[in-house]
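> everything below, folded, please.
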Amino acid sequence: MLSRLPLVLCVLGTGDAFARAAVTVNVASTLQQIDGFGVSQAFGRAAEFRDMLSGQPQQQGLDYLFNTTTGAGLTIVRNRIGSGTSGSDSILPQSPGGPTAAANYSFDDDDRGQMWFSRQAMKYGVKTFYANAWSAPGFMKTNNNENNGGYLCGTPGHSCSSGDWRQAYADFLVQYIKFYNERGIPITQLGFLNEPDFVATYSSMQSGASEASSFIPVIYNHLEANGLSNVSLTCCDAMGWNTQRSITQGLVSAGMERYLKYITSHMYTSDPTSVISTRLKTWQTEAADLQSRWCATWYSNGGLCEGMTWANKIHNGLANANLSAYIYWQGVEVNQFQASSYLVASDGKTLTPSGRLWAFAMWSRFVRPGAYRVSTSGSVSSTGITAFKNTDGSVVVVFLNSGRSQQNVEVGFRDFAPATAEAFVTDNTRAVAAVVATLSGGTVTASVPALGMLTIKLS
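Prediction:
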């Protein structure tokens, strides 16, 4: 349950209306395109979700993630391409003997539950599936281990006695995509690195811009040769935005923008708060609270586990870094109450959504894939504003009030004549709850709760 905080009503004027801040949405002034908001169930979490929850609890968990009426309406699934030494974690658990030897690929039709999770997401209309490798198989790397970093053999400065494994790694990634496509799950984005600036005790592989640039044309051409030109390449899922900015400078200098479609990053060492210089779309592909015990709170003291904190992170990413997507780490966890690295918790029977889930919902439920962010003018005290135009012509305006006083707003439009208006609020007592927004003469008036959010959808 959301924690409760008294709602402060601030009367700013006299007469028949509160004093209102005026905002204009310039619908024809488009900014970045929005691909969506998403989640992962990697490292077997998808199988746990499937096997430890059943019936109504399982359905409720899926609804919390993907339902556009009762949940967050998420639209992206990020799956891990396994690289381990067992058939359940990798399609090539053993070396074929050399980089040019025939690979004996096999697929268990489960992928640690990710096949099931992807199919469930598709039932809700999800069409974006990001396949991301944490590492190449160990026998393709300088340390001969999928764990503890190491570099891909054959990249600049990293030769191996076994040979150059770049083409073999490209084939490994393409075959994974084929296995999914053959089973009716279209992989739309492919990442070949994950946190290449961090050496982890689990699957991990190091890379800088130079190493990545030596592999990107190889995987690009192999996708083309296999009729997979519709799969978009990403790079490089660095630990933080600032590191990814530096890597991107190297990629751009090396001419890699012609091959890539997305620059991707995590937020663990630095949040996306400013634009990276690239003509490519940018995605925040992994974000989570890895420090706090589980909490469902919307706002208490501004802690990292709280929904309001994450609403600010998402807002800054969209408004200041021009993100096209924002993906949280994990969706549903069972019997794991020691962390807030997931959006929904369950004891096997009861599910508890977090304030973080509702922060995502205030955008994802209403701002759908293909929408464009549009510009706004005017300001509201202590309040961030983002606005979007969906492909169906509807317009969405999202207000995030970090102040302790209710803000009353009047929203006008250019190049758009609203006919209907719906409004929803999230704060310490409500989660995406319908409220009144008055539409008159093409202008909408509504109130943004203190320490809360207001989303208005107009058609």
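
> residue ranges in the stretch 1-150 of the chain under the pLDDT threshold?
Within the stretch 1-150 of the chain, the set of residues satisfying pLDDT under 70 comprises 1-18.

> helices of that one, start to end?
All helices of the stretch 1-150 of the chain, identified by DSSP state H, counting those that start in this stretch, fall at 45-52, 55-66, 114-123.

> what angle sits between the second one and helix 114-123?
The reference is to helix 55-66. Calculated by axes from the mean of the first three to the mean of the last three CA atoms, to 10 degrees, helix 55-66 forms an angle of 70 degrees with helix 114-123.

> helix 55-66: which residues count as buried?
57-58, 60-66 (16 or more other CB atoms under 10 Å). From N, CA and C alone the C-beta is placed, and that goes for glycine too.

> what is the nearest of the residues you listed to Ala321?
Leu65 (24.1 Å; CB to CB).

> that older thread, columns distance to Gly393 on top of the helices of the stretch 1-150 of the chain, output as a markdown table?
Converted to a markdown table, the helices of the stretch 1-150 of the chain look like this (distance: least, CB to CB, whole Å):
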| stretch | distance to Gly393 |
| --- | --- |
| helix 45-52 | 35 |
| helix 55-66 | 23 |
| helix 114-123 | 25 |
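
> for Gln94, find the nearest of these.
Using CB to CB, the nearest of these to Gln94 is helix 114-123, at 21.4 Å.

> just list what that closest one packs against, helices and strands only.
helix 45-52, helix 55-66, strand 76-81 (3 or more CB pairs under 8 Å, 6 or more residues apart in numbering; DSSP states H and E).

> make CSV out of the ones you listed and add distance to Phe399.
Output for the helices and strands packed on helix 114-123, formatted as CSV (distance: least, CB to CB, whole Å):
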stretch, distance to Phe399
helix 45-52, 33
helix 55-66, 24
strand 76-81, 24
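
> what residues go with each domain of the chain?
21-30+374-458, 36-370 (automatic domain parsing).

> ok, Ser341 touching Ser354?
No - applying CB atoms under 8 Å as the test, Ser341 and Ser354 come out as separate, 10.6 Å apart.

> who has more neighbours out of these two?
Higher neighbour count among Ser341 and Ser354: Ser354, with 26 against 18, using other CB atoms under 10 Å.

> against Thr309, how distant is the more buried one?
11 Å (CB to CB, to the nearest Å).

> and Pro96, by the same measure?
The separation that Pro96 has from Thr309, given CB to CB, amounts to 47 Å.

> looking at these two, which one has more neighbours?
Neighbours were counted for Pro96 and for Thr309 using other CB under 10 Å; Thr309 has more, 21 against 14.

> what are the bridge partners for the residue positioned nearest the centre of the chain, then?
Nearest to the geometric centre of the chain sits Ile327, at 1.4 Å (CA atoms, centre = their mean). Listed beta-bridge partners, Ile327: Gly38 (assigned using DSSP bridges).

> which residues touch it?
37-40, 76, 78, 130, 283-287 (CB atoms under 8 Å, 6 or more residues apart in numbering).

> would you list those in JSON lines and tack on distance to Ser204 and neighbour count?
Below are these laid out as JSON lines (distance: CB to CB, whole Å; neighbours: other CB atoms under 10 Å):
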{"residue": "Phe37", "distance to Ser204": "26", "neighbour count": "27"}
{"residue": "Gly38", "distance to Ser204": "22", "neighbour count": "28"}
{"residue": "Val39", "distance to Ser204": "21", "neighbour count": "28"}
{"residue": "Ser40", "distance to Ser204": "16", "neighbour count": "25"}
{"residue": "Ile76", "distance to Ser204": "23", "neighbour count": "25"}
{"residue": "Arg78", "distance to Ser204": "17", "neighbour count": "27"}
{"residue": "Tyr130", "distance to Ser204": "18", "neighbour count": "26"}
{"residue": "Trp283", "distance to Ser204": "20", "neighbour count": "28"}
{"residue": "Gln284", "distance to Ser204": "20", "neighbour count": "27"}
{"residue": "Thr285", "distance to Ser204": "16", "neighbour count": "29"}
{"residue": "Glu286", "distance to Ser204": "13", "neighbour count": "23"}
{"residue": "Ala287", "distance to Ser204": "18", "neighbour count": "22"}
